[in-house]
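Q: Structural data only, the sequence is not supplied:
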């Protein structure tokens, strides 16, 4: 057992202070702060734990910091009546290690970006055109939502299930931003009814308290 004098010594106190300062660091980090001006992603290499290796500075050009993919309207004729254009590090290598990204969301009237979550980032939704119902559900099963119009913003806390739906009569457009270069997305209907291999029907019938016919009908809509 440590005696009172040793536990109050300057060296012991200094050691404790260093430990206390170091322990919280992992929990405070999102994407790590870069140690250089930039690290344009070398997309031909494999991703490491916090991003892609850096492209040699001698090969970096102004185009690496430019992306026009969000300027084009997406095709909203799909099953959900919406289209997501991603502006993450996979499409925009200049974002590598910077901890930011942005998506474009186009909606047909009645279109929806179905319930999903981003495991690695919080999200802000900025409506440019139309009327969007935006909502999320907490881990305590509380539902928060708001109908947004042009210029209005809604924030989605990291990891929570959320959605956007066009409740207007015209097309809608929104931009979403994230505090991660690659926030990831777990889309609930696709995870549950279109996974590879498929989740067993008896898991889904028991979960949703429905019959095989209902589960098979839903799976068929997603090509599963």
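A: Looks like it came in fine. Here the structure is a predicted model, which means the values were calculated and not measured.

Q: Give the next helix or strand downstream of the helix or strand of the chain with the lowest mean pLDDT.
A: Every helix and strand in the chain was compared by mean pLDDT, DSSP states H and E; the lowest is helix 25-28, with a mean of 52. Where DSSP states H and E defines the elements, the next helix or strand beyond helix 25-28 is strand 82-87.

Q: tell me which residues of that following strand are tucked away?
A: Buried residues in strand 82-87, counting neighbours by 16 or more other Cβ atoms under 10 Å, are found at 82-83, 85-87. Backbone N, C-alpha and C define where each C-beta goes, glycine included.

Q: Adding distance to residue 171, write these out as a markdown table.
A: Formatted as a markdown table, the buried residues of strand 82-87 follow (distance: Cβ to Cβ, whole Å):
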| residue | distance to residue 171 |
| --- | --- |
| 82 | 10 |
| 83 | 11 |
| 85 | 15 |
| 86 | 20 |
| 87 | 20 |
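
Q: quick one, helices of this structure?
A: Assigned by DSSP state H, the chain shows helices spanning 4-7, 10-22, 25-28, 188-193, 201-208, 212-221.

Q: what's the least confident stretch among those helices?
A: For the helices of the chain, the weakest mean pLDDT is recorded on helix 25-28, namely a mean of 52.

Q: Relative to residue 204, how far out is residue 112?
A: 21 Å (Cβ to Cβ, to the nearest Å).

Q: Need the buried residues of strand 82-87 in JSON lines (columns: pLDDT and distance to residue 183).
A: Formatted as JSON lines, the buried residues of strand 82-87 follow (pLDDT from 0 to 100; distance: Cβ to Cβ, whole Å):
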{"residue": "82", "pLDDT": "98", "distance to residue 183": "17"}
{"residue": "83", "pLDDT": "98", "distance to residue 183": "18"}
{"residue": "85", "pLDDT": "98", "distance to residue 183": "14"}
{"residue": "86", "pLDDT": "98", "distance to residue 183": "9"}
{"residue": "87", "pLDDT": "97", "distance to residue 183": "11"}
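
Q: Farthest pair within those?
A: Farthest-apart pair in the buried residues of strand 82-87 is 82 and 87; separation 16.2 Å (Cβ to Cβ).

Q: By neighbour count, which bits of stretch 43-56 are buried? Give me those.
A: Residues of stretch 43-56 classed as buried: 51-52, 54-55 (neighbour count, 16+ other Cβ under 10 Å).

Q: no, scratch that, I was asking about stretch 98-116
A: Counting neighbours by 16+ other Cβ under 10 Å, stretch 98-116 gives 98-108, 111-113, 115-116 as buried.

Q: Kindly report the same for stretch 77-96.
A: Residues of stretch 77-96 classed as buried by neighbour count (16+ other Cβ under 10 Å): 80-83, 85-90, 92-96.

Q: show me what contacts residue 169?
A: Applying Cβ atoms under 8 Å, 6 or more residues apart in numbering, one finds that residue 169 lies in contact with residue 109.

Q: run the last query once more with 10 Å
A: Counting by Cβ atoms under 10 Å, 6 or more residues apart in numbering, residue 169 makes contact with 109-110, 130-131.
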